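[1] Just a sequence and a predicted model for now, questions to come.
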Amino acid sequence: MNYTCFNCNKSVDFSFLRKRIRCPYCGSKILFKPRKDITKVQAR
């Protein structure tokens, strides 16, 4: 499972995050899981 850094937009492997929750490239604490499927909702 990969996460993406919100600051530098680089992919971070989950195995690295077991030690600490920080981006190894820029040191940011904000990481997110990118979504694979796009859900479209139609307004009524």
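    It's in.
[2] Could you confirm residue 3 falls within a strand?
    Yes - counting by DSSP: H, G, I helix; E, B strand; the rest coil, residue 3 is found in a strand.
[3] okay, now it: neighbour count?
    The tally of other residues near residue 3 (other Cβ atoms under 10 Å) stands at 18. (Glycine included, C-beta is placed from N, CA and C.)
[4] Can you give me the distance of the closest residue in space to it that isn't next to it in sequence to residue 40?
    Nearest residue to residue 3 in three dimensions, chain neighbours excluded: residue 31, at 4.3 Å (Cβ to Cβ, 6 or more residues apart in numbering). The gap separating residue 31 from residue 40 is 26 Å, by Cβ to Cβ, to the nearest Å.
[5] correct me, but the residue nearest to residue 3 touches residue 23?
    Yes - with contact defined as Cβ atoms under 8 Å, residue 31 and residue 23 form a contacting pair (6.6 Å).
[6] what's the closest non-adjacent residue to residue 23?
    Sequence neighbours aside, residue 5 is the residue nearest to residue 23 in space, at 4.1 Å (criterion: Cβ to Cβ, 6+ apart).
[7] so how far is residue 28 from the one you found?
    The gap separating residue 5 from residue 28 is 6 Å, by Cβ to Cβ.
[8] More neighbours: which of the two?
    Using other Cβ under 10 Å as the criterion, residue 5 and residue 28 rank with residue 5 on top: 20 against 15.
[9] Show me the beta-bridge partners of the more buried one.
    Listed by DSSP bridges, the beta-bridge partners for residue 5 are residue 31.
[10] and the gap between it and residue 35?
    According to Cβ to Cβ, residue 5 and residue 35 sit 16 Å apart.
[11] Quick check: pLDDT value at residue 25.
    The score at residue 25 is 90. That number is its pLDDT.
[12] and it, what does it touch?
    5, 8, 10, 12 (Cβ atoms under 8 Å, 6 or more residues apart in numbering).
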